[in-house]
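S.K.: would you be able to build a 3D model of this:
(one chain, ligands or ions: 1)
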Amino acid sequence: MTRSLPPRAEVPSAPLCAGPCRAVVTGGAGFIGSHLVERLLADGFRVHVVDDLSTGKLENLQSVHGASGLTVTVGSVASPKLAGSVLEDADVVFHLAGVVGVRRLAREPLDVTQANLRSTEVILEAAAARGVSVLLTSSSEVYGDGPVPFVETAPVMPGSTEGLRGGYACAKAMGEWLATAHAEQSGLQVAVARLFNTVGPRQAGEDGMVLPRFVRQALRGEPVTVYGQGRQTRCFAHVREVARALVDLSRSASLPGRVINVGSALETSVADLARVVLECSESDSVVQRVPFHEVFPSGFVDPPRRVPCLRRLQSANGWVPSAPLRSIVADVIAYERAGAMVDRGEASSSASPAP
Ligand code: UDP
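M.R.: Modelled structure (predicted):
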């Protein structure tokens, strides 16, 4: 007996949301999530944040505290019951909840890998059951150390299963495959944003992210720790531009593919980043080169280059993030300086870190 296959749902056939609507943001108290929430509220969306505060902080939502149209639920979206109830009256969900950071991954690989996989599985299932559109955030980690620029149609290269880093990449890639499978089988409207290095105010440095680490080190007069020779490159996008790109993608009427790279294509070496941080902060800190093997467990690969192809993003949104590195670094320095003043009790009680 032959059975005809359902039509392939390669790309969402309509915008994930036609206009300002009811959005759920998982991980909405996190670094990128909180900027996304600000943007959505400014654009007239009603926003329901769900965050278990494992890495997010309610302080990140200080600028929108009490805003009409904002609801915050503290809890884990890995719980099917909670995910189901918050999606009950939603039109679109931006799924950002997840655990990131290479240091954290090296320290707690099981927790990080499982947390990322489970929450995505649960959200996709809950959304498919309720006809809620999904913008799933994935990661440039899925490209591993493949050839640059990274193009969405290229095979993913998470790496050896005996190494740790690939587990995170694989969990993210598996989330993408689940999204495609849901689209095929249940008609779920879903797009995937593969996020590249995103930086800006509110990013935590504790779990490895390079820019907040360098800025804090520079402001404290401590050595700025460049791993290896510092020749590895990254493209750093301002978090506010990334947030805007995600909102625009959710409203785009013509997605050129299900998976879309989101980030900046301005490539910088880590050594140059250290130089810019030292110049912009007028710090006397020195650069300290730290061999990779002193920071990463064996088998942990630090991709030598990470550069996105942004053709799809340009075609979907009509623009791509392009904030110059120096202005991003200046924003992070201002934010960290304000936070340090609050810590030392030098600011008035109403002072808050710059958004
Ligand atoms: N890095 C560094 N010193 C640090 C932290 C990070 O040289 O104190 C390097 C790291 O090895 C990587 C780059 O900066 O090559 C970006 O690291 P991050 O963790 O921010 O992002 P990812 O590695 O995920 O791109």
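S.K.: now the helices for the stretch 1-150 of the chain?
M.R.: For the stretch 1-150 of the chain, applying DSSP state H, counting those that start in this stretch gives helices covering 31-42, 80-87, 102-107, 109-130.
S.K.: typo on my end, it should be the stretch 201-350 of the chain
M.R.: Taking DSSP H, counting those that start in this stretch, the helices of the stretch 201-350 of the chain run over residues 210-220, 239-251, 270-281, 292-295, 311-317, 325-343.
S.K.: pLDDT on stretch 137-150, on average?
M.R.: Stretch 137-150 shows an average pLDDT of 93 in the prediction.
S.K.: from here on, count from 50
M.R.: Got it, first residue is 50 now, which makes that one stretch 186-199.
S.K.: is the ligand contacted by that stretch?
M.R.: No. Applying CB under 6 Å from any ligand atom, one finds stretch 186-199 separated from the ligand by no less than 6.7 Å. No exception for glycine: its C-beta is placed from N, CA and C like everyone else's.
S.K.: to the ligand, which of the helices of the stretch 50-199 of the chain lies closest?
M.R.: helix 151-156 (4.8 Å; CB to the nearest ligand atom).
S.K.: residues of that closest one that come out buried?
M.R.: Across helix 151-156, burial judged by 16 or more other CB atoms under 10 Å covers 151, 153-155.
S.K.: interface residues of the stretch 150-299 of the chain facing the ligand?
M.R.: Counting by CB under 6 Å from any ligand atom, the stretch 150-299 of the chain sits next to the ligand at 151, 246, 257-259, 262, 274-276, 281, 283.
S.K.: ok, now with 8 Å
M.R.: Applying CB under 8 Å from any ligand atom, we find that the stretch 150-299 of the chain lies next to the ligand at 150-152, 189-190, 246, 248, 256-260, 262-263, 266, 273-277, 279, 281, 283.
S.K.: which among those residues count as buried?
M.R.: 150-151, 189-190, 246, 248, 256-260, 262-263, 266, 273-277, 279, 281, 283.
S.K.: and those, which of them are in strands?
M.R.: In this view, those that belong to strands under DSSP state E are 248, 273-276, 283.
S.K.: export those residues to CSV and tack on pLDDT?
M.R.: Shown next, in CSV, are these (pLDDT from 0 to 100):
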residue, pLDDT
Val248, 97
Val273, 98
Thr274, 97
Val275, 98
Tyr276, 96
Arg283, 97
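S.K.: using PDB, write down the CA coordinates of the lowest-mean-pLDDT helix or strand in the chain.
M.R.: Within the chain, no helix or strand scores below helix 151-156, which has a mean of 78 by mean pLDDT, DSSP states H and E. The C-alpha coordinates for helix 151-156 follow below in PDB (Å, rounded to 0.1, in the frame of the first residue of the first chain):
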ATOM      1  CA  VAL A 151      32.000  27.100  28.000                       C
ATOM      2  CA  ARG A 152      33.200  27.100  31.600                       C
ATOM      3  CA  ARG A 153      29.900  25.900  32.900                       C
ATOM      4  CA  LEU A 154      29.800  23.300  30.200                       C
ATOM      5  CA  ALA A 155      33.300  22.100  31.100                       C
ATOM      6  CA  ARG A 156      32.200  22.000  34.800                       C
END
